[in-house]
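Student: Compute the structure for the input listed below.
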Amino acid sequence: EKLEDEKFYLYEISGGQDYDVNDDGIIDNTPTLNKGIFHLLVKGAHIKVIKKATISVVSEIVYQKLLSSLSLESSNIESKMEALAKEIIKKDINADGFVGVEDILKYNPVLDKTKLYPEYQDKAIKIIDDILNNRSFDLVAPTFTDKSSTIKINENLTFIKKIEIMDDSELTVVLLGKDANKFSYNTNNQELSLLKKADFENPHDKNRDNLFELTIEATDSYFNSAKKEFLIQIIDVNETIPQIPILKETNLSIFENNISNAFIGTVIVENQGSEPIDTFALIGEDNQNFTINKEGQLFASKIFDYETKKSYIFEVEATNRVGKSKQVKVTVQINDIADIKPTIQNVSITVSENLAIGTLIGKVNVTNSGDSNISNITLEGYNSSSFQIDKSSNVYVRSYLDYESYNLYYLQYRAINKAGESEPANLTVRITNIFENSGSDYPRTESGIQNALDNEDYSFVLSQLLNNRDSYSGLDDDTVNMNIAGAYVGSSGYTVFDITGAMSDGNRSNFNDFVNNITQNNDPVNTINKLTEADTYYSNIVQGVDCTNTATLTQVQKDSCYNLGLVRLTSLTNSVKLLFGGDSATVQKWANGVDINSSDDLNGNGVLDASEASACAIVYANNPNDNCQNGTMYAYRGGVKFNHQGREHNLTLIEVDVGNATNGYQNFYQLISSNANNNTPILTSGVCDKNFNTTIQSADGTTYFPCPTLDANGDVMGIKQSLEGVANIQALFPNGDETKTTVESYLQNITGSTSGTIGLDNLSTYLRTH
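Tutor: As a prediction, the model looks like this:
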């Protein structure tokens, strides 16, 4: 009652959470934090009449449209609000028989959305999302800066004029009118052009009067639109002015191993001038490898070899009776033909019996992939079906291996690329015996458990301590937990000594080296799942413990702190491997560095292109509106719905292109989680279809995709979870310890600080610079 009837009051709402972002009446699984401000401008008299007003997307639209004209001296606000109500709201909301200000105040986003005009129905959800994420939005129609509607151009031209259209959001431009099909409009440089040269003597407008009638309609991403009509008049010119030819820079290409005098292409003549061209001439050192005729057709005068020289650059000029043209550059790119077959070497692998089907047991040795990528590796010989080799040289078990049945396989393999098959090489696989049923001989004591661990009998340790805890009453809970964790670490394929050894091998401060050393020839998905179990049991021991102050800790606590740090660091390295698609060869190239402008570094910045593609995926996950660094571009390719054992996983697919105009581009497909926020790049391994059927085909973004990895619970794995696990990892190691110094060197390497925390931002920067 204290509100004054004739005064206007402004209400602002900030903070809070939105439990129905789509306004469809269905509560979201996860609320969305409001980072912006909603406004309501209302007259005191209206508040008194309706008792209760709704601050909504409609009240925000009205406020934003009035904002530029609001002041303490503002008049006729109410009449403007009435007009805006009729512009936005199509049907009466408050049941008073007409649309007015009170309908703005009574708008219910769930019940009344269909009562808005269609263009505002389309805008509502987008504006809500922008407010919740504190982004600006656009309610103003596009503006044509050029006030003139009549344009005059000389004949013989295609370019007409730059038609500037101003707006705060991305525009869609449509050409309308009877002559619309004669024009093109480039939204990048805002240039209007004819599709073919104007010819005054032979008009090609619909009325054939050299007056083109055109309407340009621009619509922004908030469905605001504006139109402008233009009349383009073609002016006759004296076409007998003497002109020399005008040539344009020309880029041509030819495949290597060509025949002599092979036709390559034609030099681009932008304008032959006022007289026909009589001759063309080639200038420059490289021109001796080519000939050109009077039609401007270029021919090879030698057989080109891509491996010797990849491109030739020279100049060309044309002459007519008026004179010579300016010299312009001609570039001839030599295209590679796969003519070098792979070379391979003999390999011997030794593995234990009883391995699970699908286990990675080693790699064959492709010493040179030739001049094209390996597309397949075949295997032959007696019982060759017991194994499979993928195109990355990984050897996997395909059937049960039993030492007592068959313990030595003599096989041959061949690598295939576009040039053909390599010569065969031998693959020898030796199966070693394991002492089966050994668990029955171990005493039910701590020394018995230690013997089992020393014998790598991890399944016995886990079975006993998880299922028969009462049989080990002499062991306290911390000791039990530490031995369970140790068995999980061992079953992951590592020991503590393996991990610290990998840290010591090579450059101790180089995180790339450590990732390469620790993840060679392993199955990273199985490794991460096992290490996650180990993490749980080590964490139970060290909960609430200060690991840096060893004076107050038991020996079990000291060991568990130290081992937990190694487990989390190793989980991260395997996640980085999966960020590269789980391919050991790619990780090795990343660690060893690449040759600038090689096929692995097309944008020539000394960083592996696959690494930059992964960094770009992190950038997109952080904010889809951000750009990747120069030489790396991404494009949204839509949602992909994967299905595994009846469970759906909805992910976002982007295509990342890395390279430059000189070397070309190679494309990578990356998967991102598709949450409302807090997204992460997905860890992948190999290639599969939407039903997780694996293939040796390359990902094409349509049928085959990078294959998402699933954890032990069947959830899709992302890099962000691994990064959260290593937060403050340095605190798990005692002060002055050499391993802690190495871990701090990794943190310095990645974050710029020995006490830094690895996150998406600094990991992305690290990947695109190392």
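
Student: Of all the residues in stretch 453-463, which ones are buried?
Tutor: Neighbour-count burial for stretch 453-463, with 16 or more other CB atoms under 10 Å as criterion, is recorded at 453, 455-458, 460-462. Every C-beta, even on glycine, is put in place using the N, C-alpha and C of the backbone.

Student: where along the stretch 651-770 of the chain do the helices fall?
Tutor: 719-725, 738-751, 760-767 (DSSP state H, counting those that start in this stretch).

Student: And the longest one, what's buried?
Tutor: It stands for helix 738-751. Buried residues in helix 738-751, counted by 16+ other CB under 10 Å: 739-740, 742-747, 749-751.

Student: on that earlier part again, of the helices of the stretch 651-770 of the chain, give the one that comes closest to Val656.
Tutor: Of all those, the one in closest proximity to Val656, counting by CB to CB, is helix 760-767 (12.1 Å).

Student: what's the spacing between the closest one and its chain's center?
Tutor: 14 Å (CA atoms, centre = their mean, to the nearest Å).

Student: Now the terminal residues of stretch 658-674, how far apart.
Tutor: This stretch, stretch 658-674, spans 23 Å end to end (CA to CA, to the nearest Å).

Student: Let me see the mean pLDDT of that stretch.
Tutor: For stretch 658-674, mean pLDDT rounds to 90.

Student: What of stretch 685-692?
Tutor: Averaging pLDDT residue by residue across stretch 685-692 gives 93.

Student: hang on, the earlier thing: make JSON lines out of the buried residues of helix 738-751 and add pLDDT and distance to Glu213.
Tutor: Formatted as JSON lines, the entries for the buried residues of helix 738-751 read as follows, by pLDDT from 0 to 100; distance: CB to CB, whole Å:
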{"residue": "Thr739", "pLDDT": "82", "distance to Glu213": "78"}
{"residue": "Lys740", "pLDDT": "82", "distance to Glu213": "77"}
{"residue": "Thr742", "pLDDT": "82", "distance to Glu213": "74"}
{"residue": "Val743", "pLDDT": "84", "distance to Glu213": "72"}
{"residue": "Glu744", "pLDDT": "83", "distance to Glu213": "72"}
{"residue": "Ser745", "pLDDT": "83", "distance to Glu213": "71"}
{"residue": "Tyr746", "pLDDT": "81", "distance to Glu213": "67"}
{"residue": "Leu747", "pLDDT": "84", "distance to Glu213": "67"}
{"residue": "Asn749", "pLDDT": "84", "distance to Glu213": "65"}
{"residue": "Ile750", "pLDDT": "84", "distance to Glu213": "61"}
{"residue": "Thr751", "pLDDT": "86", "distance to Glu213": "62"}
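
Student: Tell me the one of those nearest Ile682?
Tutor: The nearest one, if we look at the buried residues of helix 738-751 relative to Ile682 and count by CB to CB, is Ile750, at 20.8 Å.

Student: So which residues of the stretch 501-650 of the chain form helices?
Tutor: Taking DSSP H, counting those that start in this stretch as the criterion, the stretch 501-650 of the chain carries its helices at 511-519, 524-542, 555-579, 584-592, 609-622.

Student: got the angle for the lowest-mean-pLDDT helix or strand in the chain vs helix 511-519?
Tutor: Lowest mean confidence among the helices and strands of the chain (mean pLDDT, DSSP states H and E): helix 496-504, at a mean of 74. With axes from the mean of the first three to the mean of the last three CA atoms, to 10 degrees as the criterion, the two stretches helix 496-504 and helix 511-519 enclose an angle of 150 degrees.

Student: residues of helix 496-504 that come out buried?
Tutor: Taking 16+ other CB under 10 Å as the criterion, helix 496-504 shows 496, 498-499, 502-503 as buried.

Student: Where does the nearest residue to Phe223 once chain neighbours are set aside sit: helix, strand or coil?
Tutor: Leaving aside its sequence neighbours, Phe223 sits nearest to Glu119 (CB to CB, 6 or more residues apart in numbering; 4.7 Å). Under the three-state scheme (DSSP: H, G, I helix; E, B strand; the rest coil), Glu119 adopts helix.

Student: For Glu119, give its distance to Asn749.
Tutor: Using CB to CB, to the nearest Å, one obtains 52 Å as the distance from Glu119 to Asn749.

Student: try Leu572
Tutor: Per CB to CB, Leu572 is found 13 Å from Asn749.

Student: same question, Ala95
Tutor: Ala95 is 67 Å from Asn749, by CB to CB.

Student: Then Glu446?
Tutor: When distances are taken as CB to CB, Glu446 and Asn749 turn out to be 40 Å apart.

Student: on that earlier part again, tell me the one among the buried residues of helix 738-751 nearest to Ser584.
Tutor: For these, the residue nearest Ser584 by CB to CB is Tyr746; the value is 20.0 Å.

Student: so who does Lys294 touch?
Tutor: 277-280 (CB atoms under 8 Å, 6 or more residues apart in numbering).

Student: Give the buried subset of those as a ChimeraX selection command.
Tutor: Of these, the buried ones go into a single ChimeraX selection, burial set by 16+ other CB under 10 Å:
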select :277,280
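
Student: Same list (the contacts of Lys294) but as TSV, adding secondary structure, distance to Asp205 and pLDDT.
Tutor: Supplementary listing: these in TSV, determined by DSSP: H, G, I helix; E, B strand; the rest coil; distance: CB to CB, whole Å; pLDDT from 0 to 100:
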residue	secondary structure	distance to Asp205	pLDDT
Ile277	strand	31	95
Asp278	strand	35	95
Thr279	strand	38	95
Phe280	strand	36	96
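
Student: of all the contacts of Lys294, which two lie farthest apart?
Tutor: Of all the pairs that those form, the one spanning the most space (CB to CB) is Asp278 and Phe280, at 9.0 Å.

Student: Mutual contacts of these two, please.
Tutor: Between them, Asp278 and Phe280 share these contacting residues under CB under 8 Å, 6+ apart: 294, 319.

Student: tally of neighbours for the closest residue to Asp112 other than its chain neighbours?
Tutor: Leaving aside its chain neighbours, Asp112 sits nearest to Ile93 (5.3 Å; criterion: CB to CB, 6+ apart). As a burial measure, Ile93 scores 23 neighbours (other CB atoms under 10 Å).

Student: got the buried residues of stretch 453-463 as JSON lines, with distance to Asp18, pLDDT and secondary structure columns?
Tutor: As requested, the buried residues of stretch 453-463 are arranged in JSON lines below (distance: CB to CB, whole Å; pLDDT from 0 to 100; DSSP: H, G, I helix; E, B strand; the rest coil):
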{"residue": "Leu453", "distance to Asp18": "52", "pLDDT": "83", "secondary structure": "helix"}
{"residue": "Asn455", "distance to Asp18": "58", "pLDDT": "83", "secondary structure": "coil"}
{"residue": "Glu456", "distance to Asp18": "54", "pLDDT": "83", "secondary structure": "coil"}
{"residue": "Asp457", "distance to Asp18": "55", "pLDDT": "85", "secondary structure": "coil"}
{"residue": "Tyr458", "distance to Asp18": "49", "pLDDT": "84", "secondary structure": "helix"}
{"residue": "Phe460", "distance to Asp18": "53", "pLDDT": "85", "secondary structure": "helix"}
{"residue": "Val461", "distance to Asp18": "50", "pLDDT": "86", "secondary structure": "helix"}
{"residue": "Leu462", "distance to Asp18": "46", "pLDDT": "84", "secondary structure": "helix"}
